[in-house]
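Participant: fold the following, please.
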Amino acid sequence: MKLSILDYAIVDEGKTAIEAIEESTELARLAEKLGYSRFWMAEHHQVPALASSSPELLMLHLLQNTEKIQIGSGGIMIPHYSPYKISEWIKLLSALYPNRVNLGIGNNPGTRVVQKLMNTTPITREEYNKSCKELVDILTGTDIFVQPPEAKVSPMWLLSTSEKSANLAAELCQNYVYGLFFNQAVDYIETAKRCLQVYRTKMLKQDKKPQDVLAVFIAIGEDEQEAKDLVRSLDVWLLGKKEFTEFNRFPSISTAKAYEIEKSDIEKVEKNRTRLVWGTKDIVVEKLRKLATELELEELMCIPLVPTIERRKNIIEILAKELMGKEEKN
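Facilitator: Here you go, the predicted structure:
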C-alpha cells in the first residue's frame, strides 16, 4: 500500500513558527527517504499552533528541499482565492518542478475572524462546484492564457467528506481525497465506503481510472499509556475552543493532562475519537490494514497530529516499515 502524509506545521510548546516550518521540512525529507508518495501541507489561518498559513509557499520550499516526493496542498481553500490566481501559481510551480506538484482543493471558509481578514464569506455548494469547474477549465483549456503556458498540471485532488464532492470529483475527472478525520458520523466507515464507491463507479463509467486517497489522524504510542497520553492531547486540541486559539502552541502531554475537560465536552471528545486511529504499533497497524482492506485502498494519507517532531517522525517510520511494500519503497 502507498502511504502519504498531510502535515500541519505544528508549533510545539517551546518552539517558534519558524522552527515548526523547519521541522516540517525535516519530516518531508524523512518521508521521501522512507518511500512515501506525497507530502501535503494544510491551510490554516489565525491558529497560533499551526504555521501552515500559505501552503503554496511552503510547497515551493519543500520542493526545493526534496528530490522526488510529490509535494502538495491539502488543501487550498477555494473560498479565499480566485480560480485564476490558483491556476497561476500551480502552473508556475509545475513548470519549476515537473510531475511533482499536487493541487488539493477544499471549501472551508475558516472562522469568522479569518473570513473578515480574507474578505471572504462562506460559499454555497453550487458556488464551490462552479469554482472547481472554472479552475479545471482554466488549467485544461485554451480560452484563458496562464503563464507559463507550457507547464503541464496534474489532475487536482478534491478534499471531501460527502457524496456530493465524490460526484463532483468524478464529473470533473479529477482525483479524490476522503477525509475520515473530518467525519464524526456514527457509521463513518460505511460513509467513507459509500463516498469512495460513488467516485470509483462514476469514474469507471467514463472510462477513467479513479485515483483516491483516505486521510486519517494517527497516533502511535510506545506503550498503551503513551498512546492514551497522545490521544489526550488530540482530545484537548480537537475541542477547537476559541476558534483554535485557546492554545498558543500545540498542547503537550503534560498540558493536556492538566487540562480539565468539561462535562459538556465529553460527548464531543467521544465523537472526535472516531476520527482517529490510535494505540500501540501493533494495534494501529492492524486497524489500518483492516481499513485498507474494507475500503479497498491503494493509498493512505497519514496525519501524525501529535506533539513533538520526534514522535511524528517515529510514527511515519513505523508505518513505512509495517505497511509499505518493497515496490513502493523503491
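Participant: residue 68 looks like it's in a strand, true?
Facilitator: No. Per DSSP: H, G, I helix; E, B strand; the rest coil, residue 68 lies outside any strand segment and is coil.
Participant: helices or strands next to the host helix or strand of residue 29 in the packing?
Facilitator: Assigned by DSSP states H and E, residue 29 belongs to helix 17-34. Under the contact definition 3 or more C-beta pairs under 8 Å, 6 or more residues apart in numbering; DSSP states H and E, helix 17-34 sits against strand 2-7, strand 38-41, helix 55-64, helix 309-323. (Each C-beta comes from the backbone N, C-alpha and C, glycine too.)
Participant: can you mark which positions in the last one are buried?
Facilitator: Within helix 309-323, the residues that qualify as buried by neighbour count (16 or more other C-beta atoms under 10 Å) are 309, 311, 312, 313, 314, 315, 316, 318, 319, 320, 323.
Participant: report pLDDT for the nearest residue to the last one once chain neighbours are set aside.
Facilitator: Think residue 323. In space, residue 323 comes closest to residue 1 once its chain neighbours are excluded; the distance is 5.5 Å by C-beta to C-beta, 6 or more residues apart in numbering. Note on residue 1: pLDDT of 92.
Participant: then the helix holding residue 29 to PDB, C-alphas only?
Facilitator: Presented in PDB, the C-alpha positions along helix 17-34 are these (Å, rounded to 0.1, in the frame of the first residue of the first chain):
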ATOM      1  CA  ALA A  17       6.600  29.000  14.000                       C
ATOM      2  CA  ILE A  18       9.900  29.200  12.100                       C
ATOM      3  CA  GLU A  19      11.100  26.100  13.900                       C
ATOM      4  CA  ALA A  20       7.800  24.400  13.000                       C
ATOM      5  CA  ILE A  21       8.500  25.100   9.300                       C
ATOM      6  CA  GLU A  22      12.000  23.700   9.700                       C
ATOM      7  CA  GLU A  23      10.600  20.600  11.300                       C
ATOM      8  CA  SER A  24       8.000  20.100   8.500                       C
ATOM      9  CA  THR A  25      10.900  20.200   6.100                       C
ATOM     10  CA  GLU A  26      12.800  17.700   8.200                       C
ATOM     11  CA  LEU A  27       9.700  15.400   8.200                       C
ATOM     12  CA  ALA A  28       9.300  15.800   4.400                       C
ATOM     13  CA  ARG A  29      12.900  14.700   3.800                       C
ATOM     14  CA  LEU A  30      12.400  11.700   6.100                       C
ATOM     15  CA  ALA A  31       9.200  10.800   4.300                       C
ATOM     16  CA  GLU A  32      11.000  10.900   1.000                       C
ATOM     17  CA  LYS A  33      13.800   8.700   2.300                       C
ATOM     18  CA  LEU A  34      11.200   6.200   3.600                       C
END
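Participant: tilt between it and helix 55-64?
Facilitator: 50 degrees (axes from the mean of the first three to the mean of the last three C-alpha atoms, to 10 degrees).
Participant: give me the contacts around helix 17-34.
Facilitator: 5, 7, 9-12, 15, 39, 41, 51-52, 58, 61-62, 65-69, 71, 309, 312-313, 316-317, 320, 324, 329 (C-beta atoms under 8 Å, 6 or more residues apart in numbering).
Participant: one more time with 7 Å
Facilitator: Here helix 17-34 makes contact (C-beta atoms under 7 Å, 6 or more residues apart in numbering) with 5, 7, 9-11, 39, 51, 58, 61-62, 65-69, 309, 312-313, 316-317, 320.
Participant: for PyMOL, what selects the buried ones among the residues you listed?
Facilitator: Here is the PyMOL command that selects the buried residues among these (16+ other C-beta under 10 Å):
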select buried, resi 5+7+9+10+11+39+51+58+61+62+66+69+309+312+313+316+320
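Participant: the helix holding residue 29 - what's its average pLDDT?
Facilitator: pLDDT averaged over helix 17-34 gives 98.
Participant: hang on, the earlier thing: pLDDT and distance to residue 249 for the buried residues of helix 309-323 - can I get that in CSV?
Facilitator: Below are the buried residues of helix 309-323 laid out as CSV (pLDDT from 0 to 100; distance: C-beta to C-beta, whole Å):
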residue, pLDDT, distance to residue 249
309, 98, 13
311, 98, 15
312, 98, 15
313, 98, 19
314, 98, 20
315, 98, 19
316, 98, 21
318, 98, 25
319, 98, 25
320, 98, 28
323, 97, 30
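Participant: what residues of the helix holding residue 29 count as buried?
Facilitator: 17, 20-25, 27-32, 34.
Participant: same question, stretch 181-195
Facilitator: Under 16+ other C-beta under 10 Å, the buried positions of stretch 181-195 are 181, 182, 183, 188, 189, 191, 192, 195.
Participant: quick one: the helix or strand hosting residue 92 to helix 55-64, angle?
Facilitator: Using DSSP H and E, the element containing residue 92 is helix 83-96. Relative orientation of helix 83-96 and helix 55-64, computed by the same axes, to 10 degrees: 0 degrees.
Participant: lowest-confidence one in the buried residues of stretch 181-195?
Facilitator: residue 183 (63).
Participant: could I get the contacting residues of residue 175?
Facilitator: Here residue 175 is in contact with 155, 156, 157, 169, 211, 212 (C-beta under 7 Å, 6+ apart).
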